[in-house]
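Chemist: Provided below are the primary sequence and the corresponding predicted coordinates.
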Amino acid sequence: MNQSGPFLFMVLLLAVAGAGAATFRHHTYSIPWMPGTETQIWQVEARIQFTADGGASQVYLSLPPNQKGFAVVNESAASSGWGFSIEQGEEQRRAHWTQREALGRQVLFYKLDIAVSGDDTWSMAPPQTTPTMIWDEPYQTAVSHLLDTVMPITADAHTLTTQLIQTLGRTPADQNVTLLASAYSRVDLLTRVLQTAQIPARSVQVLVLEDGRRRQGLTEYLQVWNGESWQLYHATDGEVSGADNLLLWQAGTPGVLEVLGGTSSRVSFSIIGQTRSALLLAQEEANDLALSLYNLPIAEQSMFKLIMLLPVGALVVVLLRVLIGIRTSGTFMPVLIALAFLQTELVPGLASFIIVVAIGLLIRTYLSALNLLLVARIATLVVIVIMIISIFSIVSYRLGLIQGLTITFFPMIILAWTIERMSITWEEEGPREVFIQGGGSLFVAVLAFLLMDLSVVEHLAFNFPELHLVLLAVMLLVGRYTGYRLLELKRFGAFKT
């Protein structure tokens, strides 16, 4: 029965599942694909000052709503003697301070760390209804004349808003514009005129993010619903094309600051810009996951950073043995050597490995004359390997060769088995086969090390463990290969017709 169909379906399913899960993790928790990626962080401090009357006081500060382009990393309040909580309102959140008896000058602080995500689209809930504007005369007539002039040369909400901004900014100003401007601020006038034309519009308070700014206030902007999203406009400059340095702080009602039981209230903002590791920020966000390597203690995380590289080394062994035909001493012994190289560095690790194996082979030759049983011989080799490594480390330290101390990262049992296998191969197949298998093992180990030592591979293996499903799919696919290996083509070249 042909099993190729179900097998290929399983391989494809593993690859798609691994790549899909990794993509989901990237988009959901903002884990970067590449190591070293940094994210722009803005630290904003709101300073609230007011004079308390001596009785119970309550302070409300509107907080920035959820919006594309920014993600809240951390927020806190510094308010000694005050109760603090964050309340979720209908449109946006509010910080709430309370105190039973407050008298005199009061200063409260709210701190916010936000990350820039790179998407400058203002994404907020669509408007529910557009209020009906009622104008008193003579303003009603002035608005009617203004709309009659502008509406015929516009096509949608965006062009209408642009034309209104240009009309209000012309000099000399039209009589209708002069009359309206004397009674309303620029943003308020634009909002009311657009609502009169049945265009959803509102005045919003925006914080301009500039590094090193102190005691900065909010700036009033205009937001217009274009049918799909809210578009931001400056009252005199027109449409805002890039909003990566504009943080929407307050939209709709209530106002930015509300103080009960106090007078002379004001709020100001100080801003500092900095960069942080995008990976650390993503790890903080992903800590809430029940099944996450980030939840492990630091020591275990360090261990798993090495463990997660094993499949990468195993894939190298599979490709080189199955497709190329390189012979090694032991199937996956090169992977363990490559792991040791990650701790010792390549050149010191290679030198240490060759010296220990060479000395071990000389001693193993003497053990052959003793006719020991296999278990006792392997145990003896383990002890001898430990003694060789101990002496090698002491001599290296006395000579000032600190790199020689890293030889202790080599797995003792694997070294003993390697010496035993090479010794048996020497006796049965000769020294040529020993050099072929030993050289092949080191060649595969070096290639695996070079791949596993890449920072991008380490990053992907640990932060996107789902990608191991893709490696598994490749291994399964290669495992079904039954054709000639690359090194066999020369041997069978004489059969060409």
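Modeler: Okay, I see it.

Chemist: Can you list the residue ranges for helices in the stretch 101-250 of the chain?
Modeler: Counting by DSSP state H, counting those that start in this stretch, the stretch 101-250 of the chain has these helices, from start to end: 139-150, 157-168, 175-181, 186-196.

Chemist: Of these, which is nearest R94?
Modeler: Across the helices of the stretch 101-250 of the chain, R94 has its closest neighbour in helix 186-196 (22.3 Å, CB to CB). All C-beta spots, glycine's among them, are computed from the backbone N, C-alpha and C.

Chemist: could you check the angle helix 139-150 makes with the closest one?
Modeler: Regarding helix 186-196 and helix 139-150, their directions subtend 80 degrees when assessed with axes from the mean of the first three to the mean of the last three CA atoms, to 10 degrees.

Chemist: Which one of the helices of the stretch 101-250 of the chain lies nearest to S423?
Modeler: Closest approach to S423 among these is made by helix 157-168 (81.5 Å; CB to CB).

Chemist: model confidence over that closest one, on average?
Modeler: The average of the pLDDT scores along helix 157-168 is 88.

Chemist: outside of that helix, which residues touch it?
Modeler: Residues outside helix 157-168 that contact it (CB atoms under 8 Å, 6 or more residues apart in numbering) are 146, 149-151, 153-154, 174, 177, 181, 186, 189-190, 193-194, 197, 199, 201, 222, 224-227, 231, 233, 235-236, 238-239.

Chemist: how far does it sit from the chain's center?
Modeler: 40 Å (CA atoms, centre = their mean, to the nearest Å).

Chemist: just stretch 207-227 next, same as before
Modeler: Averaging C-alpha coordinates over stretch 207-227 and over its chain gives two centres that are 27 Å apart (CA atoms, centre = their mean).

Chemist: again with stretch 480-487
Modeler: Its chain's average C-alpha position is 40 Å from that of stretch 480-487, according to CA atoms, centre = their mean.

Chemist: Now do G262 against F50, distance only.
Modeler: 4 Å (CB to CB, to the nearest Å).

Chemist: Let me have the helices of the stretch 101-250 of the chain in TSV, extended by distance to G483 and mean neighbour count.
Modeler: Listed next are those as TSV, based on distance: least, CB to CB, whole Å; neighbours: other CB atoms under 10 Å:
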stretch	distance to G483	mean neighbour count
helix 139-150	74	16
helix 157-168	62	18
helix 175-181	82	16
helix 186-196	71	20
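
Chemist: With R25 as the reference, name the closest of the ones you listed.
Modeler: Judged by CB to CB, the one of the helices of the stretch 101-250 of the chain that comes nearest to R25 is helix 157-168, at 36.8 Å.

Chemist: what angle separates the closest one from helix 139-150?
Modeler: Using the same axes, to 10 degrees, the inter-axis angle of helix 157-168 relative to helix 139-150 is 110 degrees.

Chemist: Specify the residue ranges that define each domain of the chain.
Modeler: Per automatic domain parsing, the structural domains of the chain span 37-127+246-293, 139-245, 299-463.

Chemist: Phi first, then psi, for F70.
Modeler: Torsion angles at F70 (phi, psi; degrees, to the nearest 10) stand at phi -140, psi 150.

Chemist: Based on its surroundings, how many neighbours for the nearest residue to it once chain neighbours are set aside?
Modeler: Once its chain neighbours are removed from consideration, F70 has its nearest residue in I114; the separation is 4.8 Å (CB to CB, 6 or more residues apart in numbering). The criterion is other CB atoms under 10 Å. On that basis, I114 has 21 neighbouring residues.

Chemist: I114 touches N66, doesn't it?
Modeler: No: taking CB atoms under 8 Å as the contact criterion, I114 and N66 are not neighbours in contact, 11.2 Å apart.

Chemist: Which residues are in contact with each of G262 and F50?
Modeler: Taking CB under 8 Å, 6+ apart as the criterion, G262 and F50 both touch 59, 106.

Chemist: between the helices of the stretch 101-250 of the chain, which one is nearest to Q88?
Modeler: helix 186-196 (25.8 Å).

Chemist: could you give the mean pLDDT of that closest one?
Modeler: For helix 186-196, mean pLDDT is 88.

Chemist: what's in contact with that helix?
Modeler: The set of residues that contact helix 186-196 without belonging to it, under CB under 8 Å, 6+ apart, is 130-133, 135, 143, 146-147, 157, 160-161, 164-165, 168, 180-181, 184, 200-203, 220-222, 224, 233, 235-236.

Chemist: Same check on stretch 305-313?
Modeler: Counting contacts by CB under 8 Å, 6+ apart, the residues touching stretch 305-313 from outside are 332, 334-335, 338-339, 342, 448, 451-452, 457-458, 461-462, 465, 468, 471-472.

Chemist: Which positions within it qualify as buried?
Modeler: When burial is assessed from 16 or more other CB atoms under 10 Å, stretch 305-313 yields the following buried residues: 305, 308-313.

Chemist: Which ones among these lie within helices?
Modeler: 305, 310-313 (DSSP state H).

Chemist: Same list, those residues, but as TSV with pLDDT please.
Modeler: As requested, those are exported to TSV (pLDDT from 0 to 100):
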residue	pLDDT
K305	81
L310	87
P311	89
V312	90
G313	88
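
Chemist: Which helix or strand lies directly C-terminal to the helix or strand hosting I354?
Modeler: Remark: I354 resides in helix 346-368, with elements defined by DSSP states H and E. Taking DSSP H and E as the definition, the helix or strand that follows helix 346-368 towards the C-terminus is helix 374-398.

Chemist: May I see the buried residues of that next one?
Modeler: When neighbours are counted by 16+ other CB under 10 Å, the buried residues of helix 374-398 are found to be 377, 380-382, 384-385, 388-389, 392-393, 396.

Chemist: Next secondary structure after that helix?
Modeler: Reading on from helix 374-398 to the C-terminus, the next helix or strand found by DSSP H and E is helix 412-429.

Chemist: Rounded mean pLDDT for the next helix-or-strand element following that next one, please.
Modeler: For helix 412-429, the following helix or strand on the C-terminal side (DSSP H and E) is helix 431-452. For helix 431-452, the mean per-residue pLDDT is 86.

Chemist: Check V59 and give its pLDDT.
Modeler: pLDDT for V59: 93.

Chemist: Which residue is the nearest non-sequential neighbour of it?
Modeler: Nearest-residue entry for V59: W97, 4.2 Å, with adjacent residues in sequence omitted and distances by CB to CB, 6+ apart.
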